[in-house]
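# I'll drop the sequence and a predicted model, then ask my questions.
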Amino acid sequence: MKPIPYGRQYISQKDIDAVTNTLQSDYLTQGPQIAAFEKVFAEYVGADYAIAVANGTAALHLCAMALNVQPGQKVITTPITFAASANCIRYCGGEIEFADIDAETYLLDFNAVKKILEESPEKTYAGIVVVDFAGRAVNLEAFRKLADKHGLWIIEDSCHAPGGYFIDSNSKKQFCGNGSFAELAIFSFHPVKHIACGEGGMITTNNKSLYEKLMLLRTHGISRNTSVFQNDKQWAAGNASEKVDNYPGWYMEMQELGYNYRLTDFQAALGISQLQRADEGLRKRREIAAKYEKAFSGKRWLFGQSGSMESHAYHLYVIEVENRLGLYNFLKTKNIFAQVHYIPAHLMPYYKQQGFKQGDYPKAENYYSRCLSLPMYPTLSEEEQEYVIESIFSFYHG
């Protein structure tokens, strides 16, 4: 059997043609494909605005900047996430407080966050970074009410969950990143994600002022919008001898300290093409998950798994097992390359230096000791999935 990774991109001929056409166009960056990608992506998730950026980490950093995270401010997030979900706050000098996970969903535990906030002095915390881990949507309606009670903002890390959703109290589908409950949401276009651009990210929001600030911060803090220019026209023209009615065409202003976090046009073209088959990829992921679910149901060596849900986007299919290391190594001998998501962020040496220690978040740590992400991607064939399942059974049953 050829190598079977836990995740893999699928690049079609249409994807290749879209990129080639853009490479042969007048723009490789800062061209029309960026706005086109932003438009179709905002429509896909149901948000008012979308801002394309270099990667998911850049998206998180810009969100923290746009929300004006200040040194010493505290922000709550989950320890079971990629480190960037916490690091974005540290980039701005803020302080991270982790809260344990729900052992059934692997998501940030609402009651753990509520307890932290209720036991803390008012104004101690600035916000919450929730993570739609593995593709399961966080119930943002509940977190929104809690955040409003304590005057907090919410960033939704939806890197795993384009197309995922939860059902609100009005029985409406609330898609991840649609801007209805979180101030800002972010997505990633890393090759193993639902939509692959090589690298890339997107921020979505329904807040116009945050959108405008993010557009500025994405490109060095430089604006070409004449309506916000602060220097006068005459000076901008180089103190020309004649009267100046308009700003000269070359003029621009750096108004804030921003970053070069732009996406290229050929990446955006790839993203547009990939988005056209996003629903089909999501359907296939759910089919694969259902087959795993049926195969593993009731097995004594299995502690838990993601749980089949219509609303789950299934970036990952996670199981918790006895002898995880043994199974991981055995699968490698079979050319199956499972993965672990994630090492608890609070036990990374950097965060241990901030005062976190083993035992702080027992549910997250127990999950880490047993979790394994199985191959999950739309081009995983039935034969390959059967081989994965049979190999796991072979390990536990000989």
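On my side now, so go ahead.
# Next SSE downstream of the least confident helix or strand in the chain by mean pLDDT?
The least trusted helix or strand in the chain, going by mean pLDDT, DSSP states H and E, turns out to be strand 302-305, with a mean of 80. Proceeding N to C from strand 302-305, the next assigned helix or strand is strand 317-321, under DSSP states H and E.
# Could I have the CA atoms of the helix or strand that that next one is followed by written out in PDB?
Downstream of strand 317-321, the first helix or strand assigned by DSSP H and E is helix 324-333. Taking C-alpha atoms only, helix 324-333 is exported to PDB below (Å, rounded to 0.1, in the frame of the first residue of the first chain):
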ATOM      1  CA  ARG A 324      -1.500   5.000  21.500                       C
ATOM      2  CA  LEU A 325       2.300   4.900  21.000                       C
ATOM      3  CA  GLY A 326       2.200   1.200  20.100                       C
ATOM      4  CA  LEU A 327      -0.600   1.700  17.600                       C
ATOM      5  CA  TYR A 328       1.100   4.800  16.100                       C
ATOM      6  CA  ASN A 329       4.300   2.900  15.500                       C
ATOM      7  CA  PHE A 330       2.500  -0.200  14.200                       C
ATOM      8  CA  LEU A 331       0.600   1.900  11.700                       C
ATOM      9  CA  LYS A 332       3.900   3.400  10.400                       C
ATOM     10  CA  THR A 333       5.100  -0.100   9.600                       C
END
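# contacting residues around helix 324-333?
Helix 324-333 has contacts (Cβ atoms under 8 Å, 6 or more residues apart in numbering) with 321, 337-338, 340, 369-372, 388, 391-392, 395-396. For glycine as for every other residue, the C-beta is placed from the backbone atoms N, C-alpha and C.
# With just CA atoms, put the least confident helix or strand of the chain into PDB.
Coordinates of each C-alpha in strand 302-305 appear next as PDB, following Å, rounded to 0.1, in the frame of the first residue of the first chain:
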ATOM      1  CA  LEU A 302     -11.500   2.700  22.200                       C
ATOM      2  CA  PHE A 303     -12.300   5.300  24.800                       C
ATOM      3  CA  GLY A 304     -14.000   7.900  22.600                       C
ATOM      4  CA  GLN A 305     -14.000   9.400  19.200                       C
END
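# Mind giving me the packing neighbours of it?
Contact here means 3 or more Cβ pairs under 8 Å, 6 or more residues apart in numbering; DSSP states H and E; on that basis strand 302-305 packs against helix 278-296, strand 317-321.
# So which of these is the most surrounded?
strand 317-321 (a mean of 23; mean count of other Cβ atoms under 10 Å).
# In a strand, K193, correct?
No - secondary structure of K193 (DSSP: H, G, I helix; E, B strand; the rest coil): coil, not part of a strand.
# got a markdown table for the helices and strands packed on strand 302-305, with distance to L210 and mean pLDDT too?
Shown next, in a markdown table, are those (distance: least, Cβ to Cβ, whole Å; pLDDT from 0 to 100):
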| stretch | distance to L210 | mean pLDDT |
| --- | --- | --- |
| helix 278-296 | 25 | 96 |
| strand 317-321 | 32 | 96 |
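# Include distance to K74 when you put those into JSON lines, please.
JSON lines is the format used below for those (distance: least, Cβ to Cβ, whole Å):
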{"stretch": "helix 278-296", "distance to K74": "36"}
{"stretch": "strand 317-321", "distance to K74": "29"}
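# Can you tell me which of those is nearest to V130?
Smallest distance to V130 across the helices and strands packed on strand 302-305 (Cβ to Cβ): 17.8 Å, for strand 317-321.
# who touches the closest one?
So strand 317-321 is contacted by 106, 134, 288-289, 292, 296, 301-306, 327, 341, 367, 370-374, 376 (Cβ under 8 Å, 6+ apart).
# Buried only: go through the residues you listed for me.
106, 134, 288-289, 292, 296, 301-302, 304-306, 327, 341, 367, 370-374, 376 (16 or more other Cβ atoms under 10 Å).
# Verify the contact between S391 and A338 for me.
No - using Cβ atoms under 8 Å, S391 is not in contact with A338; the gap is 10.1 Å.
# Of the two, which one has the most company?
Just comparing S391 and A338: by other Cβ atoms under 10 Å the higher neighbour count belongs to A338, 21 against 18.
# Who are the contact partners of that one?
A338 neighbours (Cβ under 8 Å, 6+ apart): 6, 327-328, 331, 372-375.
# Same check on V192?
6-9, 315, 377.
# Which members of those occur in strands, if any?
When these are checked against strands (DSSP state E), there are no matches.
# quick one: which of those has the most company?
Neighbour-wise, the contacts of V192 (other Cβ under 10 Å) top out at H315, 28 neighbours.
# Please name the residues that touch that one.
7, 134-135, 159-161, 192-194, 285, 376.
# those strands in the stretch 151-300 of the chain, which residues are they?
153-157, 165-167, 173-175, 184-188, 201-205, 222-223, 253-254 (DSSP state E, counting those that start in this stretch).
# Now the first one: average pLDDT?
For strand 153-157, mean pLDDT rounds to 98.
# what does it rub up against?
56, 60, 63-64, 67, 81, 85, 88, 126-132, 138, 140, 143-144, 147, 176-177, 181-186.
# again, only using 6 Å
The contact list for strand 153-157, computed with Cβ atoms under 6 Å, 6 or more residues apart in numbering, reads 63, 67, 85, 127-131, 147, 182-186.
# Same question for the second one.
Among residues not part of strand 165-167, those counted as contacts by Cβ under 6 Å, 6+ apart are 137, 139, 173-175, 311.
# Tell me the one of the residues you listed nearest M254?
Nearest member of those to M254, counting by Cβ to Cβ, is F175, at 35.8 Å.
# So that closest one is in contact with Y44, correct?
No - if you go by Cβ atoms under 6 Å, F175 and Y44 don't touch, sitting 8.5 Å apart.
# Sketch out the low-pLDDT regions of the stretch 51-200 of the chain for me.
Within the stretch 51-200 of the chain, no stretch has pLDDT under 70.
# Which segments of this structure make up each domain?
The chain is divided into the following domains under automatic domain parsing: 4-221+257-275, 278-397.
# Quick check: which of these is nearest to D245?
Ranking the domains of the chain by proximity to D245 (Cβ to Cβ) places domain 4-221+257-275 first, at 25.4 Å.
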